[in-house]
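1. The amino acid sequence is not available; the structure is as follows:
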């Protein structure tokens, strides 16, 4: 499940991934396994070009995900996350 709140916006080629497979299962067992989870992108968040969002995560209100970032953990509101894996590098005044 993907939830996108109002005024969130995206750059080009953003990927939002909610599915996956259990890396601890093998062969036929892995085919039916579940991994991943829901993604929530809160009001006013900005997901820059070619970012990859891997659920389960929440991108907070007015947070920014930098270009090419790979998000595997929540990004709190008003924070900038960059890199692979994405790390918080800045808080925006609000």
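-> Looks like it arrived, so ask away. Here the structure is a predicted model, which is why all the values come from computation and not from measurement. Numbering: from 1, shown residues only.

2. contacting residues around stretch 86-94?
-> Contact with stretch 86-94 is made by 62, 64-66, 69-73, 75-83, as judged by C-beta atoms under 8 Å, 6 or more residues apart in numbering. Where you see a C-beta, it was placed from the backbone N, CA and C, and this is true even at glycine.

3. Try it again at 6 Å.
-> Stretch 86-94 has contacts (C-beta atoms under 6 Å, 6 or more residues apart in numbering) with 69-71, 78-82.

4. In contact with residue 63: list those residues for me.
-> Applying C-beta under 6 Å, 6+ apart, we find residue 63 in contact with 45, 75, 77, 79.

5. pLDDT at the last one, what is it?
-> Note for residue 79: predicted pLDDT of 98.

6. And residue 61, which helix or strand is it part of?
-> Under DSSP states H and E, no helix or strand contains residue 61.

7. can you tell me which residues contact it?
-> 42-44, 77.

8. Show me which of the residues you listed is closest to residue 22.
-> Relative to residue 22, the closest of the contacts of residue 61 is residue 42; by C-beta to C-beta it sits at 28.3 Å.
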